[in-house]
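Peer 1: quick one, what's the 3D model for this:
(one chain, ligands or ions: 4)
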Amino acid sequence: RAKTEGRDTYRYFEASMGAAARDKRVMEHELRQAVARKEFYLVYQPQKEISSGRMVGFEALIRWRHPTRGDVPPTIFIPIAEDSGAIGQIGEWVLTAACEEAARWENPLTVAVNVSAVQLHNPSFSRKVHETLLNSGLAPGRLELEITETALVKDMPRALATLRQVKALGVRVAMDDFGTGYSSLSNLRAFPFDKIKIDGSFIKSVDKNGQVAAIVRAVLGLGRGLGLPVLAEGVETLGELKFLDAEACEIGQGYYIGRPGLIEEFGELTGVDAPSVSNDTAGQRNRS
Ligand code: C2E
Ligand code: MG
Ligand code: MG
Ligand code: MG
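Peer 2: Ligands and ions are numbered 1, 2, ... in the order given. Just a heads-up that it's a prediction; the model follows:
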């Protein structure tokens, strides 16, 4: 009797859940199986020195080719994976795949990997990074971890300990989406970042909007004062790039500089001309 009641209550609850909530539950379930089903792949976006146009590295960005929904953007599924705990396994897959890929390149470019708050607060995170470097053979200095401020605030002492551990391995850390979080300035002081990535929302029309330009100039001054190179995200036009060059912003990333794509498309930059043989799903995939 109690059991039946429980089930009915559950069913009633399900029926009253919105379509969005039901979708989310289904997706949580699917995300837990997606690594084993090889539904994820990575695209890579160039990061270039602005003054010279010289290639410095790639940011690895995850893509999910869902069997029926098609490509689901990471802005949709990463938060769901974070809530459900699936991000641990997904994050390990990303780190391993990106390090193994970068280790194949003939040019010693850096590879930047996004790390979510949940990963950062896992006490075994730095050990996993160390193991991944050893297993892939990638030089630690070629790995950069991108961390947002929201990832730091949950447990600052824990996050700081993790950052120090990965830095001790020789890995670099970049503050991602700078300007969109909160208490940015104290975080810059408290955490051992090697680079500031200005969020793309401040780069859009930076050459045309005086207020945005003032903010970007201030961040560049901050980087200079702290001795940290600044990377501008979301560079979409020549005008934006020219502004950043004139203001001596060190590194740029964005559609104008290079769109994210399968690594095979960047053979000239990586120095690898043969397509990846381990990649059995390449034929089904499109450019991002
Ligand atoms: P993010 O780390 O700030 O990555 C930059 C995002 O901006 C990427 O979106 C990239 O495709 C997009 N982008 C690059 N250039 C331009 C441009 O010129 N204009 C515009 N409008 N957008 C541009 P994407 O790939 O959809 O990823 C969105 C976010 O999802 C990332 O933001 C990151 O927070 C998260 N993400 C992506 N891959 C991973 C991953 O492997 N692990 C984790 N934890 N998060 C990831
Ligand atoms: Mg990033
Ligand atoms: Mg960003
Ligand atoms: Mg972002």
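Peer 1: where does the stretch 101-250 of the chain have low pLDDT?
Peer 2: 183 (pLDDT under 70).
Peer 1: and the helices in it?
Peer 2: 117-120, 125-136, 149-153, 156-168, 184-190, 210-226, 238-246 (DSSP state H, counting those that start in this stretch).
Peer 1: which positions in the stretch 151-288 of the chain make contact with ligand 1?
Peer 2: Contact residues (CB under 6 Å from any ligand atom) of the stretch 151-288 of the chain with ligand 1: 176-177, 200, 233-236, 254-255, 260. Backbone N, C-alpha and C define where each C-beta goes, glycine included.
Peer 1: mind putting the residues you listed into CSV with distance to Thr96 and neighbour count?
Peer 2: Shown next, in CSV, are those (distance: CB to CB, whole Å; neighbours: other CB atoms under 10 Å):
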residue, distance to Thr96, neighbour count
Asp176, 20, 26
Asp177, 24, 21
Gly200, 27, 19
Glu233, 25, 21
Gly234, 28, 20
Val235, 29, 27
Glu236, 31, 15
Gly254, 27, 23
Tyr255, 28, 13
Pro260, 19, 19
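Peer 1: which one of those sits closest to Ala246?
Peer 2: Checking those against Ala246 with CB to CB, the nearest one is Val235 at 13.4 Å.
Peer 1: run through the residues that contact the closest one.
Peer 2: Val235 makes contact with 203, 241, 244, 252-257, according to CB atoms under 8 Å, 6 or more residues apart in numbering.
Peer 1: strands - which of these land there?
Peer 2: Secondary structure defined by DSSP state E assigns Gly252 of these to strands.
Peer 1: tell me the two of the contacts of Val235 that are most distant?
Peer 2: Leu244 and Tyr255 (14.2 Å).
Peer 1: the protein: strands as residue ranges?
Peer 2: Going by DSSP E, the chain shows strands at 40-49, 55-66, 70-72, 110-115, 143-148, 172-178, 195-198, 230-232, 251-252.
Peer 1: which of those sits closest to Val129?
Peer 2: strand 143-148 (7.6 Å).
Peer 1: now do the closest one: everything it contacts.
Peer 2: 57, 59, 99, 102, 110-115, 117, 120, 129, 133, 163, 166, 171-177, 180-181, 194-195, 197.
Peer 1: for ligand 2, tell me which of those show up nearby.
Peer 2: Restricting the contacts of strand 143-148 to those near ligand 2 by CB under 5 Å from the ion leaves 114, 176.
Peer 1: of the contacts of strand 143-148, buried ones?
Peer 2: 57, 59, 99, 102, 110-115, 117, 120, 129, 133, 163, 166, 171-177, 181, 195, 197 (16 or more other CB atoms under 10 Å).
Peer 1: not counting sequence-adjacent ones, nearest residue to the residue nearest to the spatial centre of the chain?
Peer 2: Residue closest to the average C-alpha location in the chain (CA atoms, centre = their mean): Asn114, at 2.7 Å. The spatially closest residue to Asn114, leaving aside those adjacent along the chain, is Glu146, at 4.8 Å (CB to CB, 6 or more residues apart in numbering).
Peer 1: so what's the residue count around that neighbour?
Peer 2: Neighbour count of Glu146, defined by other CB atoms under 10 Å: 20.
Peer 1: and the residue of the stretch 151-288 of the chain nearest ligand 2?
Peer 2: As assessed by CB to the ion, ligand 2 sits closest to Asp176 within the stretch 151-288 of the chain, at 4.3 Å.
Peer 1: that residue and Glu49, how far apart?
Peer 2: According to CB to CB, to the nearest Å, Asp176 and Glu49 sit 19 Å apart.
Peer 1: equivalent analysis for Glu131, please.
Peer 2: 31 Å.
Peer 1: swap in Gly258?
Peer 2: 13 Å.
Peer 1: more neighbours: these two, which one.
Peer 2: For Gly258 versus Glu49, the count of surrounding residues by other CB under 10 Å is larger for Gly258: 20 against 14.
Peer 1: tell me the predicted confidence for the more buried one.
Peer 2: Looking at Gly258, its pLDDT stands at 98.
Peer 1: report the separation between it and Met27.
Peer 2: 30 Å.
Peer 1: same question, Arg37
Peer 2: Distance from Arg37 to Met27, by CB to CB: 14 Å.
Peer 1: cheers, nothing more for now.
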